[in-house]
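Q: Show me how the following folds:
(chains A and B)
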Amino acid sequence: MSKKILIVGGGLAGTIIANGLCRQLGKELRSGAISICMLGTSDQHMYQPGLLYIPFGRIRVTELYRDQRKVLDRRVPYFVDPAAHIDVEKKLVSTQSGRVFEYDYLVIATGSRLMLQNIPGLAEGAHWFYDLEGARKMRDALLDFEGGKIVVNVNAPHKCPVAPLEITFMLRDFLTERGLMDKTEITYTYPIGRVHALEGVANWAKPAMDEYGIKYETFFNTKEVDPGAKTITSEEDVTLAYDMLVTIPPHNGAEVITDSNLGAGGWVPTDKQKLLREGSDDVFVCGDTTNIPISKAGSTAHFEADTVIDNLVSLLTEGRWARHYDGKVYCFIETGMKEGTYVWFNYKTPPNPGPPSQMLHWFKLAYNRLYWLSVRGLL
Amino acid sequence: MANRTTIDARGAFCPGPLMELIAALKLVEIGDEIEVLSSDMGTALDVPEWVAKVGHAMVGVEEKGDYWSVVVRKAK
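A: Residues are numbered from 1 along each chain as shown, chains lettered A, B, ... in the order given. Presented below is the predicted three-dimensional model:
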């Protein structure tokens, strides 16, 4: 009897898992003992971290996309047919078109989505770069910008936790190069009492902001934006005026998760070491979709995916568990247009970013292209 | 009876216990409680400071050996 693996989600996590499984299960796939199938929302695969460079004209849109069927191992049937309901008791997934898929093992990797609508006035008053349309509009607005007050506003929860700092420092370099920084005031807002969630990153970023004249407003959780008056107000009763507002919007998980009663906000309760849905031994959860208190980032999804691959292969071929996820995350951080640093940590090791360098900036630019090897399971 | 959700943020460096609390409060009803478990002593200070600023209610802070339990009630 063939064992069926169903992967819901065609983003980074789901695709790395599918390709990694194919690399290790060639014999079983050939014999028909195991089959792998994927459901996704688009026939295009996007390299999301590349969006950071769109507002500055530093990456071409074509570099962000590949055909999902070309990224994915050809042994995996791929359906652009989003999951509409997941029934973990009956082990069935139904899709928006009405198809029904059975599984022996399910991987949920449905990611996260922007929730600008959760904050009144945010969509109307702000720019953002977390999707292509927003990033393109932000590029146009930056080209028209002639100086004034820029507010970079960070909301929780959000994916890619270093991106808010990257965009802030890159904005500063971009405006300096255009001769506008002396006519510009940048204010960065953050929900907690320091400029970044990671203490080591905050300890590096705060003096850098002081040196560059970037202001910051901590303990700032956005209540509302008034696009007419061009003001943003926090739950903590602080109001800031802006000429250009750049927001990192709050996120939720996918609708199918809440619609299937699998987790509030679209985040699935997940064992942080096994990456199994709590209460299930046949449902893995990977990437942004988990409720694990860890960064929602491509790097997290990548290292989680490697763990899921090893455990699924081991369970299917040897009937035993392989290893636990140790919480590893590694992220490059752009500290401007010409330098970068990185941070890594796991459940036991706190992060400690090193001094920025041009070489690390080049590494990050190189990774922007190496990603296409990562997602194929080669790197 | 208020619903209570527990977030085990022990060993969570990013986004960290307070950010997890802020995100979780958006998903519960007024009157519900969130308990955050944290191995970072700073949480016992950061959370009450933020709760006072934003107008939620502190239910309690308790040291439990090598971690802290911080309970907040959503008030608005």
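Q: what sits against A:Q358?
A: By C-beta atoms under 8 Å, 6 or more residues apart in numbering or on different chains, the residues touching A:Q358 are A:K338, A:E339. Glycine gets a C-beta too; all of them are placed from N, C-alpha and C.
Q: Go again with 6 Å.
A: For A:Q358, the contacting residues are A:E339, by C-beta atoms under 6 Å, 6 or more residues apart in numbering or on different chains.
Q: what about it, distance to A:M170?
A: According to C-beta to C-beta, to the nearest Å, A:Q358 stands 15 Å off from A:M170.
Q: all strands of chain B, in order?
A: For chain B, the strands defined by DSSP state E cover B:4-8, B:33-38, B:57-64, B:67-73.
Q: most packed of those strands?
A: Neighbour counts averaged per stretch over these are highest for strand B:33-38, at a mean of 22; criterion: mean count of other C-beta atoms under 10 Å in any protein chain shown.
Q: relative to strand B:57-64, how tilted is it?
A: Between strand B:33-38 and strand B:57-64, the angle comes out at 30 degrees (axes from the mean of the first three to the mean of the last three C-alpha atoms, to 10 degrees).
Q: mind listing what strand B:33-38 pairs with, with the direction of each?
A: strand B:4-8 (parallel), strand B:67-73 (antiparallel) (DSSP bridges).
Q: tell me, how many neighbours does the residue in the stretch 251-379 of chain A that chain B sits nearest to end up with?
A: Per C-beta to the nearest C-beta, A:P293 is where the stretch 251-379 of chain A lies closest to chain B, at 3.8 Å. Here the count is done by other C-beta atoms under 10 Å in any protein chain shown, and A:P293 has 26 residues near it.
Q: Near chain B, which residues of chain A are found?
A: Chain A comes close to chain B at residues A:156-157, A:161, A:191-193, A:197-198, A:219, A:235-236, A:264-265, A:293, A:295, A:345, A:347, A:350-351, as judged by C-beta under 6 Å from any C-beta of the partner chain.
Q: Narrow the residues you listed to those in strands?
A: Filtering those for strands - DSSP E - leaves A:F345.
Q: Can I get the buried ones among the residues of chain A next to chain B as something I can paste into PyMOL?
A: Buried subset of the residues of chain A next to chain B, written as a PyMOL selection, criterion 16 or more other C-beta atoms under 10 Å in any protein chain shown:
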select buried, chain A and resi 156+157+161+191+192+193+197+198+219+235+236+264+265+293+295+345+347+351
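Q: how much space between the closest residue to A:F174 other than its chain neighbours and chain B?
A: For A:F174, ignoring the flanking residues on the chain, the nearest one in space by C-beta to C-beta, 6 or more residues apart in numbering or on different chains is A:F56 at 5.3 Å. Shown here: A:F56 relative to chain B, a distance of 25 Å by C-beta to the nearest C-beta, to the nearest Å.
Q: Could you give the backbone dihedrals for A:F56?
A: Main-chain torsions, A:F56, degrees, to the nearest 10: phi -100, psi 10.
Q: ok, A:L29 - contacts?
A: A:L29 makes contacts with A:R75, as judged by C-beta under 6 Å, 6+ apart.
Q: element containing it, please.
A: Using DSSP states H and E, the element containing A:L29 is helix A:26-31.
Q: Restricting to C-alpha, output that helix in PDB.
A: Taking Å, rounded to 0.1, in the frame of the first residue of the first chain, the C-alpha atoms of helix A:26-31 are listed here in PDB:
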ATOM      1  CA  GLY A  26      14.200   7.900  -5.100                       C
ATOM      2  CA  LYS A  27      13.800   4.100  -4.800                       C
ATOM      3  CA  GLU A  28      10.500   4.300  -3.000                       C
ATOM      4  CA  LEU A  29       9.200   6.900  -5.400                       C
ATOM      5  CA  ARG A  30      10.200   4.700  -8.400                       C
ATOM      6  CA  SER A  31       8.500   1.600  -6.900                       C
END
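Q: Following the chain onward from it, which element is next?
A: Counting by DSSP H and E, what follows helix A:26-31 is strand A:34-40.
Q: show me the contacts for residue 20.
A: In the absence of a named chain, this looks at chain A. Residues near A:G20 by C-beta under 6 Å, 6+ apart: A:I309, A:G377.
Q: My question was about chain B, not that one.
A: Taking C-beta under 6 Å, 6+ apart, one finds A:P293, B:I7, B:A9 in contact with B:E20.
Q: need the contact list for the last one.
A: B:A9 makes contact with A:P293, B:P17, B:E20, B:V36, B:S38 under the criterion C-beta under 6 Å, 6+ apart.
Q: hang on, A:G193 packs against A:E217?
A: No - in this structure, A:G193 is not within contact of A:E217 by C-beta atoms under 6 Å, at 11.0 Å.
Q: what's B:N3 sitting at in phi/psi?
A: Main-chain torsions, B:N3, degrees, to the nearest 10: phi -80, psi 140.
Q: what stretches of chain A score poorly on pLDDT?
A: Along chain A, no part satisfies pLDDT under 70.
Q: Mind splitting it into its structural domains?
A: Structural domains assigned to chain A are A:3-111+A:254-328, A:115-248, following automatic domain parsing.
Q: And stretch A:27-39, what's buried?
A: Residues of stretch A:27-39 classed as buried by neighbour count (16+ other C-beta under 10 Å): A:E28, A:L29, A:I34, A:S35, A:I36, A:C37, A:M38, A:L39.
Q: What distance do you get for the residue of the stretch 1-150 of chain A found nearest chain B to A:N221?
A: Nearest residue of the stretch 1-150 of chain A to chain B: A:N118, at 7.5 Å (C-beta to the nearest C-beta). Distance, A:N118 to A:N221, by C-beta to C-beta: 12 Å.
Q: Looking at those two, which one has more neighbours?
A: A:N221 (23 against 15).
Q: In contact with that one, which residues?
A: By C-beta under 6 Å, 6+ apart, the contact set of A:N221 is A:P191, A:S234, A:E235.
Q: any idea how far B:L25 is from it?
A: Distance from A:N221 to B:L25, counting by C-beta to C-beta: 9 Å.
Q: Can you pull up the most central residue in chain B?
A: Geometric centre of chain B, nearest residue: B:V36, 4.2 Å, by C-alpha atoms, centre = their mean.
Q: circling back: turn the strands of chain B into CSV, including mean pLDDT.
A: Conversion of the strands of chain B to CSV gives the following (pLDDT from 0 to 100):
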stretch, mean pLDDT
strand B:4-8, 93
strand B:33-38, 96
strand B:57-64, 95
strand B:67-73, 96
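Q: Could you export those to CSV, including columns for distance to A:G336?
A: Listed next are these as CSV, based on distance: least, C-beta to C-beta, whole Å:
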stretch, distance to A:G336
strand B:4-8, 35
strand B:33-38, 33
strand B:57-64, 40
strand B:67-73, 37
